[in-house]
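Participant: Structure of the sequence below:
(2 chains, ligands or ions: 2)
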Amino acid sequence: MLVKEIIDKLELEVLNLADGEREVSGGYTGDLLSWVMGRAESHMMWVTIMTNVNILAVASLRDLPAVLIAEDAEIAPEIVAKAAEQEINLLRSPKSAYALCVGLGQLLA
Amino acid sequence: MTADVLKYHFTVVGGDFTSAGKASVNVKKLLRQLGIAPDIIRRVAIAMYEGEINMVIHANGGTADLEIYPDSIVIILADSGPGIPDIDQAMQEGFSTAPDNIRSLGFGAGMGLPNMKRYTDEMKIDTEVGVGTTVTMTIRL
Ligand SMILES: Nc1ncnc2c1ncn2[C@@H]1O[C@H](COP(=O)(O)OP(=O)(O)OP(=O)(O)O)[C@@H](O)[C@H]1O
Ligand SMILES: [Mg+2]
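Facilitator: Residues are numbered from 1 along each chain as shown, chains lettered A, B, ... in the order given. Ligands and ions are numbered 1, 2, ... in the order given. The predicted structure follows:
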């Protein structure tokens, strides 16, 4: 399913949309960066509550189709600006990581 | 002739988490321009990022060198940090000496070195306590 369709269906807040046409066929959740770095794949939407700048490096190096910030975790405007610069899809939702993964799982089932 | 080897050199600044990963992101772009296969780029990027972050966190920075040969890519990360007293222990998944303030940034899972090993064909650690650490990783093309 495309990132833009997931945004619609899960009613996600768009912090930065670089490419809504990226295909998502799975998900990964976790907040420990080396874990995500080692395990996430480039077709997976990453659900996390981490919002510091290092999430952008991970998303970019792993070519993740989108980073979805759970629980409306606060994110600094500089980081959103950097996501735009690095062309990373950055989304957010008030729902928990669990609820988001369940939602995503239902969409992709 | 040196025409069949390409060399790139990067400086990694210690303690700077806002630009940490920069060398890896640059290398990724570079390899893409050179037309290297996506799967190889992915492995180089992961291994180099983890090594770069380790130098930022544990060793107050260092240097990263990338050498591209016709049949392999070699990444050399060298620092003058504290060294690693027990390599076997450091290589274990979950082992980390990262302090709390660094853990709150999402580092310190103790997965960096295992990732580096897993995504490269060869990894060698030369380290001496109080002198520094050099990690050499090879990915075959
Ligand atoms: N360049 C280095 N200089 C000194 N010590 C190091 C260096 N690289 C790794 N270490 C030691 O090895 C341990 C394990 O490293 P590893 O990269 O696997 O985990 P980490 O950096 O602690 O956490 P993570 O990489 O998951 O964020 C570190 O906690 C540190 O004690
Ligand atoms: Mg590490």
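Participant: For the residue most central in space within chain A, name its beta-bridge partners.
Facilitator: Geometric centre of chain A, nearest residue: residue A:67, 1.5 Å, by Cα atoms, centre = their mean. Beta-bridge partners for residue A:67, by DSSP bridges, are residue A:46, residue A:90.
Participant: In this structure it contacts residue A:92, no?
Facilitator: No - the pair residue A:67 / residue A:92 is not scored as a contact, 9.2 Å apart, by Cβ atoms under 8 Å. (Glycine included, C-beta is placed from N, CA and C.)
Participant: just to revisit the earlier point, could I get the contacting residues of the residue nearest to the centre of chain A?
Facilitator: Residue A:67 makes contact with A:45, A:46, A:48, A:55, A:56, A:59, A:83, A:88, A:89, A:90, A:91 under the criterion Cβ atoms under 8 Å, 6 or more residues apart in numbering or on different chains.
Participant: can you rerun that using 7 Å?
Facilitator: For residue A:67, the residues meeting the contact criterion (Cβ atoms under 7 Å, 6 or more residues apart in numbering or on different chains) are A:46, A:48, A:55, A:59, A:88, A:90.
Participant: May I ask which two of those are separated the most?
Facilitator: Largest separation among the contacts of residue A:67 by Cβ to Cβ: A:48 and A:88, giving 12.8 Å.
Participant: same for the helix or strand hosting residue B:47, what does it pack against?
Facilitator: Using DSSP states H and E, residue B:47 maps to helix B:38-58. In terms of contacts (3 or more Cβ pairs under 7 Å, 6 or more residues apart in numbering or on different chains; DSSP states H and E), helix B:38-58 is packed against helix A:33-39, helix A:54-61, strand B:6-13, helix B:22-33, strand B:61-68, strand B:72-79, helix B:112-118, strand B:132-140.
Participant: Out of the ones you listed, which is closest to ligand 1?
Facilitator: Ligand 1 lies closest to helix B:112-118 among the helices and strands packed on helix B:38-58, at 2.3 Å (Cβ to the nearest ligand atom).
Participant: elements contacting the helix or strand following that closest one?
Facilitator: Where DSSP H and E defines the elements, the next helix or strand beyond helix B:112-118 is strand B:122-128. Judged by 3+ Cβ pairs under 7 Å, 6+ apart, strand B:122-128 is in contact with strand B:132-140.
Participant: if you set the cut-off to 10 Å instead, what comes out?
Facilitator: If you count contacts as 3 or more Cβ pairs under 10 Å, 6 or more residues apart in numbering or on different chains; DSSP states H and E, strand B:122-128 packs onto strand B:72-79, helix B:87-91, helix B:112-118, strand B:132-140.
Participant: Close to ligand 2: what parts of chain B are there?
Facilitator: B:54, B:112 (Cβ under 5 Å from the ion).
Participant: Roughly how far does the most centrally placed residue in chain B sit from residue A:74?
Facilitator: Nearest to the geometric centre of chain B sits residue B:51, at 2.3 Å (Cα atoms, centre = their mean). According to Cβ to Cβ, to the nearest Å, residue B:51 stands 31 Å off from residue A:74.
Participant: got it, and residue B:99?
Facilitator: Applying Cβ to Cβ to residue B:99 and residue A:74 gives a distance of 23 Å.
Participant: Give me the more crowded residue out of the two.
Facilitator: residue B:99 (11 against 8; other Cβ atoms under 10 Å in any protein chain shown).
Participant: Pull the contacting residues for the more buried one.
Facilitator: B:57, B:107, B:108 (Cβ atoms under 10 Å, 6 or more residues apart in numbering or on different chains).
Participant: my read is the second one is in a helix, agree?
Facilitator: No - under the criterion used here (DSSP: H, G, I helix; E, B strand; the rest coil), residue B:107 is coil, not part of a helix.
Participant: All set now, cheers.
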